[in-house]
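[1] Here is a sequence with its predicted model. Questions after.
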Amino acid sequence: MTQIRTVLAVSAAIALAACGGSTTPSDGGVGGDVVSRPDVIVPSDGGCPAGLIVCGPVCADPTSDSNNCGGCGRSCRGGERCSMGTCVPGVMCTAPQTSCGGSCVDLQTDNANCGMCGRSCPAGSTCAMGACQCAMGQVACRNECANLATSATNCGMCGRSCGPGGTCAMGMCTCAPTAIRCMDGSCADVSSDPNNCGACGRRCGMGATCVSGTCACPMGAMMCGTTCANVQTDVNHCGACGRRCTGAIGCAMGVCQCPAGATLMGTACVNLQTDVNNCGMLGRQCSDSQACVAGACVCRSGLTMAAGGACVDLQSDPNNCGALGTRCAGQACVMGMCRPAMDCTRAMGVRLCGSSCVDTSTSPFHCGDCDNACDRDEVCIQGNCRSYDPAAGCTTCPCASCAGETCCPGAAPGAVPICVGGGRCG
């Protein structure tokens, strides 16, 4: 029964449109054209009557619907209507007038639409032949017409100010007793002008004022270079000018504030659980073959702990090939087996570096080329050493804290995931 009612509603809408009517109010078309918007609910079978198209939940006429003009979702701008599938001015104007914002204007003489819709003429000027014209002896300077011979704000040229108390005569500034003439011909009170403080062209930094010719910061701030900074709260000047906090969440009472789980070392926040340069305690560095996991230096992923604490790759180490202590006499270690060196050169994706057969696209000791070792805080991705940061608050990937970077598995078994730039993990 519901479907029958819907079909009847569609038929009624078509009949009404054929008689010049509309199922919804007109969108404002005038000038004799009736703008129809048959927003008929699409029947349950998904089809629309001839001449209409499905636009979401409704059937629309793309030739006249200002919300779907020429296609679904193509809306006409304010003051326009849809005619034959094209957005046209909503008001039909007769030459020489043009429709601008729903009104008919003459672009040749209209001060608010001079030469084109929306172009207004400065105060004191008039629109003639589509161009803003100032009175004789004046020129258009931004939003006003000015006589460059006498205007104190446009003396000799637009924008040249004679300053407070200054006057302009014959295009030359006569400065007030408290001001001096600068090289550009303008006047400045160098005792109080923040753009000319103490001398012409000497600008005070952001937030500063000019007092007796000297740039001064508001109470609670101090001058750091050319900027006023509150060294109690500014992370770029925390406790002193230029003392920048690294990895901090803020500065309070002149001290860098670290996020939960991090420790302050100077002005840098470090995580003793994951930082290879401060593993378990400040200053404790892991070796190049190790990663920091839970505050302890452990072998990187893919490496095995050998005697003396060294981490070796059983897949390529000729002194520990396939197993700890297995040496390759005069041969290379190729994928965990002692083989002739030529077997490495024949294999795909690996390269012989000394007696080690390695994948230079991922090896942290031969990254991109033999003996090109990555630093402790880097991983090898596609033959390039890339720095990384621990993925804060995550145990697996993906991780929201890796915003703009790629979440990759940790550099060692049990390590937290890492955030790496470059778009790939390896």
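    Alright, I've got the coordinates.
[2] May I have the strands that pair with the lengthiest strand in the chain, each with its orientation?
    If you go by DSSP state E, the chain has its longest strand at strand 384-390. Here strand 384-390 is paired, per DSSP bridges, with strand 378-381 (antiparallel), strand 418-420 (antiparallel).
[3] who are the neighbours in contact with Leu107?
    Thr98, Cys100, Asn113, Cys114, Gly115, Met116, Cys117, Gly130 (Cβ atoms under 8 Å, 6 or more residues apart in numbering). The way it works is simple: take the backbone N, C-alpha and C, and place the C-beta from them, glycine included.
[4] most neighbours, which of these?
    Among the contacts of Leu107, Cys114 has the most neighbours (other Cβ atoms under 10 Å), with 25 neighbours.
[5] Not counting sequence-adjacent ones, nearest residue to it?
    Sequence neighbours aside, Cys127 is the residue nearest to Cys114 in space, at 3.7 Å (criterion: Cβ to Cβ, 6 or more residues apart in numbering).
[6] Quick one: the helices in the stretch 201-350 of the chain, in order.
    Applying DSSP state H, counting those that start in this stretch to the stretch 201-350 of the chain gives helices spanning 341-346.
[7] any low-confidence regions in it?
    347-348 (pLDDT under 70).
[8] Where do the strands of it begin and end?
    With DSSP state E, counting those that start in this stretch, the ranges of strands along the stretch 201-350 of the chain come out as 209-211, 214-216, 222-224, 227-229, 250-252, 255-257, 263-265, 268-270, 290-293, 296-299, 304-305, 311-312, 332-334, 337-339.
[9] Val88 pairs with what?
    Arg81.
[10] so it touches Arg77, yeah?
    No. If you go by Cβ atoms under 8 Å, Val88 and Arg77 don't touch, sitting 10.9 Å apart.
[11] And these two? Which one has more around it.
    Higher neighbour count among Val88 and Arg77: Val88, with 17 against 9, using other Cβ under 10 Å.
[12] before we move on, the earlier item: just name the most buried of the strands paired with strand 384-390.
    strand 418-420 (a mean of 23; mean count of other Cβ atoms under 10 Å).
[13] quick one: contacts of that strand?
    By Cβ under 8 Å, 6+ apart, strand 418-420 touches 379, 381, 386, 388-391, 399, 401-402, 405-411.
[14] ok, Arg203 to Val190 distance?
    12 Å (Cβ to Cβ, to the nearest Å).
[15] er, Pro409 actually
    63 Å.
[16] tell me which element Cys357 falls in.
    Cys357 belongs to strand 356-358 when assigned by DSSP states H and E.
[17] quick one: average confidence on that strand?
    In this model, strand 356-358 carries a mean pLDDT of 86.
[18] Who are the packing partners of that strand?
    In terms of contacts (3 or more Cβ pairs under 8 Å, 6 or more residues apart in numbering; DSSP states H and E), strand 356-358 is packed against strand 332-334.
[19] Mind listing residues that contact the strand it packs on?
    In contact with strand 332-334 (Cβ under 8 Å, 6+ apart) are residues 315-318, 321-322, 338-341, 343-344, 347, 350, 352, 355-357.
[20] residue contacts, the residue in the chain sticking out farthest from the centre?
    For the chain, the largest distance from the centre (Cα atoms, centre = their mean) belongs to Ala329, which lies 57.3 Å off. Shown in contact with Ala329 (Cβ under 8 Å, 6+ apart): Cys338.
[21] same question, Asn319
    Per Cβ under 8 Å, 6+ apart, neighbours of Asn319: Val312, Gly325, Arg327, Cys328.
[22] now Val298
    Val298 neighbours (Cβ under 8 Å, 6+ apart): Gln290, Ala291, Cys292, Met305, Ala412, Pro413, Gly414, Ala415.
[23] Which of those residues sits closest to Val231?
    Nearest to Val231 among those is Cys292, at 33.0 Å by Cβ to Cβ.
[24] Excluding sequence neighbours, find me the nearest residue to that closest one.
    In space, Cys292 is closest to Cys279, 3.8 Å off (Cβ to Cβ, 6+ apart).
[25] Please apply the same query to Asn271.
    Ala262 is the one closest to Asn271 (Cβ to Cβ, 6+ apart), at 5.2 Å.
[26] got it, and Arg244?
    Asn236 (5.1 Å).
[27] Double-check the one you found against Asn230; I have them as touching.
    No. The pair Asn236 / Asn230 is not scored as a contact, 10.7 Å apart, by Cβ under 8 Å.
[28] more crowded one of the two?
    Asn230 (18 against 14).
[29] Phi first, then psi, for the more buried one.
    phi -90, psi 100 (degrees, to the nearest 10).
[30] avg pLDDT for stretch 380-398?
    Stretch 380-398 comes out at a mean pLDDT of 81.
[31] in stretch 338-353, what's buried?
    Across stretch 338-353, burial judged by 16 or more other Cβ atoms under 10 Å covers Cys338, Arg339, Asp343, Cys344, Val350, Arg351, Leu352, Cys353.
[32] go on, stretch 260-280?
    Buried, per 16+ other Cβ under 10 Å, within stretch 260-280: 262, 264-265, 267-276, 278-279.
[33] Can you tell me which of those is nearest Met219?
    Thr267 (25.5 Å).
[34] and the closest one, what does it touch?
    Applying Cβ under 8 Å, 6+ apart, the residues near Thr267 are Cys238, Arg243, Arg244, Cys245, Thr246, Ala248, Cys256.
[35] For those residues, please prepare CSV with the additional fields neighbour count and distance to Asn68.
    Shown next, in CSV, are these (neighbours: other Cβ atoms under 10 Å; distance: Cβ to Cβ, whole Å):
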residue, neighbour count, distance to Asn68
Cys238, 26, 56
Arg243, 18, 59
Arg244, 14, 54
Cys245, 23, 54
Thr246, 13, 54
Ala248, 20, 52
Cys256, 23, 56
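[36] Dump the residues you listed into JSON lines; add distance to Gln108 as well.
    Below are the contacts of Thr267 laid out as JSON lines (distance: Cβ to Cβ, whole Å):
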{"residue": "Cys238", "distance to Gln108": "62"}
{"residue": "Arg243", "distance to Gln108": "63"}
{"residue": "Arg244", "distance to Gln108": "59"}
{"residue": "Cys245", "distance to Gln108": "62"}
{"residue": "Thr246", "distance to Gln108": "63"}
{"residue": "Ala248", "distance to Gln108": "62"}
{"residue": "Cys256", "distance to Gln108": "65"}
